[in-house]
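In: with the sequence up front, the predicted model follows.
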Amino acid sequence: MSDRPDLPVLPAPESGLFLTHFLVVRDVARSRDFYADVLGGEVVTAENPAIVKAANSWIIMNPGGGPTPDKPGITLTAPEPGDPVSAFMNIRVADIAEFYARAKEKGVRFLTEPLDRKAELRCYMQDPDGRLIEVGQATGMLRGVFADPPAGSGTG
């Protein structure tokens, strides 16, 4: 953490670690504003990179780019429409109906309204680059009720 009051508080622990999420985005300002507004986050730095502190996490955003000396052979790109999803952000909320209504008012696109999945109420939204974000509220799991295993998983 910074000893200088004129510098922002950054995800730089004095001991241990912070887990942050780095997102490659097409439009830094649009994504920064989305995460700050929808998640009620604080913009820590506006660009190079943009950093938003949201709840107990940090979201770092920058445009993509080619290989660098510390990541040779790696190119960073924002997701393209239709790309398979291999990872997504998972947001847990206390009141999914309130979050859903507030986010819809802000123009957020949801795939469905919140659905009862036995263990939780859950829905998915997308960020400006189409990145999938799960929003869930624990319900049944708090009473020991969990979701059915996925079809064809051979469990259960």
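Out: Looks like it arrived, so ask away.

In: how near is Ala12 to Val135?
Out: 29 Å (CB to CB, to the nearest Å). In short, each C-beta sits where N, CA and C put it, glycine included.

In: looking at the two, which one has more neighbours?
Out: Between Ala12 and Val135, counted using other CB atoms under 10 Å, Val135 has the larger neighbour count: 23 against 8.

In: and the more buried one, which helix or strand is it part of?
Out: Under the criterion of DSSP states H and E, Val135 resides in strand 132-138.

In: buried sites along that strand?
Out: By neighbour count on 16 or more other CB atoms under 10 Å, the buried set for strand 132-138 is 133, 135-137.

In: how far out from the middle of the chain is that strand?
Out: Distance of strand 132-138 from the chain centroid (CA atoms, centre = their mean, to the nearest Å) equals 10 Å.

In: run through the neighbouring helices and strands of that strand.
Out: Counting contacts by 3 or more CB pairs under 8 Å, 6 or more residues apart in numbering; DSSP states H and E, strand 132-138 packs against strand 89-92, helix 96-105, strand 120-126.
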